[in-house]
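S.K.: model the following, please.
(chains A and B)
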Amino acid sequence: GAGVSQTPSNKVTEKGKYVELRCDPISGHTALYWYRQSLGQGPEFLIYFQGTGAADDSGLPNDRFFAVRPEGSVSTLKIQRTERGDSAVYLCASSLSHGGGQETQYFGPGTRLLVL
Amino acid sequence: GNSVTQMEGPVTLSEEAFLTINCTYTATGYPSLFWYVQYPGEGLQLLLKATKADDKGSNKGFEATYRKETTSFHLEKGSVQVSDSAVYFCALVSTDSWGKFQFGAGTQVVVTP
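M.R.: Residues are numbered from 1 along each chain as shown, chains lettered A, B, ... in the order given. Down below sits the predicted model:
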């Protein structure tokens, strides 16, 4: 079956612009996660969804970042008024359910965002 | 808070050498521990995991044992191949932060023929 997919694979934008990053989780996975990975660092948690609701958004760095998952499948991470410091690889992951620490998270290939 | 510290890379080895990547953690609650691997040009993949103290995770010749007394989860492989060249990430998720993986910075491993 298909894995987690993310589009676009690369996004170049100018400072101050708005961007949307899309994630298609594995079919049937109810939990979805967003991470951000800066160069030379490990992924950093942003937000996760259980179904349609954001169960924990404590990792979003500020109110320029917002994510939705309206039908409990595809999710969109939205960044307003982008800044150069937002440049990173944005990773999406999904798991069968949010069943605690034993659930394996399956990662997508990421979207590389560059803000000029 | 929770944190993961792993040895800095790059680690450069010859084929068939023994590999160890150190990983230590601090966590509130009861963590589950993971190793993820990122091959060049690919996404993160789960390599192995352990969910309680003294558990040993293993996969593809790699092993790691959950040591609560030393808060460690070191990754080992007895004989590496060129195809093991990748970046390895140690990670934890804890009972007080389900779903929120805490990753280490990653260790790049380069295996030469």
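S.K.: going forward, measure contacts and count neighbours with C-alpha atoms only.
M.R.: OK.
S.K.: worst-scoring helix or strand of chain A, pLDDT-wise?
M.R.: strand A:53-56 (a mean of 88; mean pLDDT, DSSP states H and E).
S.K.: what lines up beside that strand in the sheet?
M.R.: strand A:44-50 (antiparallel) (DSSP bridges).
S.K.: quick one: mean pLDDT over the partner strand.
M.R.: Strand A:44-50 comes out with an average pLDDT of 93.
S.K.: still on that earlier bit, give the buried residues for the least confident helix or strand of chain A.
M.R.: Neighbour counts over strand A:53-56 (16 or more other CA atoms under 10 Å in any protein chain shown) mark A:Ala54, A:Asp56 as buried.
S.K.: check stretch B:93-113 too.
M.R.: B:93-94, B:96-112.
S.K.: for the residue nearest the centre of chain A, list each beta-bridge partner.
M.R.: Nearest to the geometric centre of chain A sits A:Trp34, at 3.1 Å (CA atoms, centre = their mean). Listed beta-bridge partners, A:Trp34: A:Ile47, A:Cys92 (assigned using DSSP bridges).
S.K.: doesn't A:Tyr90 make contact with it?
M.R.: Yes. Under the criterion of CA atoms under 8 Å, A:Trp34 makes contact with A:Tyr90 at 7.1 Å.
S.K.: sec struct for B:Ser83, please.
M.R.: Three-state assignment for B:Ser83 (DSSP: H, G, I helix; E, B strand; the rest coil): helix.
S.K.: same question for A:Gly85.
M.R.: From three-state DSSP, the assignment for A:Gly85 is helix.
S.K.: so the nearest residue to it once chain neighbours are set aside bridges to which residues?
M.R.: For A:Gly85, ignoring the flanking residues on the chain, the nearest one in space by CA to CA, 6 or more residues apart in numbering or on different chains is A:Val115 at 7.7 Å. Counting by DSSP bridges, A:Val115 forms beta bridges with A:Thr13.
S.K.: how deep is A:Val115 tucked in, by neighbour count?
M.R.: 17 (other CA atoms under 10 Å in any protein chain shown).
S.K.: settle this for me: it is touching A:Asn10, isn't it.
M.R.: No. Assessed by CA under 8 Å, A:Val115 is found out of contact with A:Asn10, at 11.1 Å.
S.K.: who in chain B is up against chain A?
M.R.: For chain B, the residues in contact with chain A (CA under 8 Å from any CA of the partner chain) are B:31-32, B:42-46, B:51, B:89, B:93-95, B:98-106.
S.K.: inside strands: which ones of the residues you listed?
M.R.: B:Ser32, B:Leu44, B:Gln45, B:Leu46, B:Phe89, B:Val93, B:Gln102, B:Phe103 (DSSP state E).
S.K.: my read: the fourth one touches B:Gly57, true?
M.R.: No. Between B:Leu46 and B:Gly57 there is no contact under CA under 8 Å: 11.1 Å.
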